[in-house]
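Student: Structure for this input, please:
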Amino acid sequence: MLNREKEKNKKPVPVHVGVIMDGNRRWAKERNLPTFEGHLKGYQRVMPTAEMFFSRGVKVFSVYAFSTENWNRSQEEVNYLMKLLKQAIEEQTEIAIEKEYRILISGRIDELPGDMPEACYESMAKTKAGKKGILNICLNYGGRAELVDAIRKMIKNNVEIGQVHEGMVKKYLYNGELPDPDLIVRTSGEQRLSGFQLWESAYSELIFLKKYWPDFEEQDVNFVIEEFGNRDRRFGGNDEKL
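Tutor: Numbers count the residues shown, from 1 in each chain. As a prediction, this is how the structure comes out:
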């Protein structure tokens, strides 16, 4: 009886958490550090944070690493980010293999410069057997771009009008086999999705934190999971509390 009561009162844990890692540049600026230091610190937070979420029962952790709009930044910053991302992917791949995590990369991979596409595909191939958590890196990613690419693929594959439904669209997304994010967190105080997981976020719970991404720590992981467990998700149902 006690165990049943315990199960009943157990708060739900999100299966899929997405994070918009915002505030790297402002974090550096407030410390009189070069912008690059903020990006480095931010990318060093990715795998440790993924591990903290996985250890609490989360199965998929998605991060917004580089958007299709980020190409508009200075060439110097973009070049640095590409080098940093390539290094991060290679390092995280080794950790993922050791800890049995799987890495997926969502976005316009083939448009990345140099040997970045090869590094991405190699990472996904090397970690495909991972069963203890999925790190989904959204790289050269945009929610609108994802939908455009899905439509293009459907046209290319001669999908008939009558075959187009929500399940079909999801199938043609970058990694459509993933469950939609239950929870999306954005750091730095900004309160918008900025094109992150536009299709998938229809019923995602949203949490906006004021702290910058490089300062994200274990207490924040605990807070967002606790906050998610306190939310009443109805998915458009009519059982609203009076």
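
Student: Distance check, the residue found closest to E111 once you drop the neighbours it is linked to in the chain against E69.
Tutor: Leaving aside its sequence neighbours, E111 sits nearest to N140 (Cβ to Cβ, 6 or more residues apart in numbering; 6.0 Å). Placement of C-beta: from N, CA and C, glycine included. N140 sits 10 Å away from E69, going by Cβ to Cβ, to the nearest Å.

Student: between the two, who's got more neighbours?
Tutor: The neighbour comparison of N140 against E69 (other Cβ atoms under 10 Å) goes to N140, with 25 against 11.

Student: Secondary structure element holding the more buried one?
Tutor: Element membership for N140 (DSSP states H and E) is strand 134-141.

Student: which outside residues touch that strand?
Tutor: Defining contact as Cβ atoms under 8 Å, 6 or more residues apart in numbering, one finds that strand 134-141 is touched by 46-47, 50, 59-68, 85, 89, 92, 96, 101-109, 111-112, 120, 174-175, 178, 195-197.

Student: Just the buried ones from the residues you listed?
Tutor: Applying a neighbour-count criterion of 16 or more other Cβ atoms under 10 Å, the buried members of those are 46-47, 50, 59-68, 85, 89, 92, 96, 101-109, 112, 120, 174-175, 178, 195-197.

Student: Just the ones in helices from these, please.
Tutor: Mapping the buried ones among the contacts of strand 134-141 onto helices (DSSP state H) picks out V46, M47, A50, L85, I89, Q92, A96, C120.

Student: residue contacts, the fifth one?
Tutor: Yep, that's I89 we're talking about. I103, I105, A119, C120, S123, I137.

Student: Also the third one?
Tutor: Taking Cβ under 8 Å, 6+ apart as the definition of contact, the neighbours of A50 are F61, V63, Y101, G133, L135.

Student: Specify which member of those is nearest to M21.
Tutor: Nearest to M21 among these: V63, at 5.8 Å, using Cβ to Cβ.
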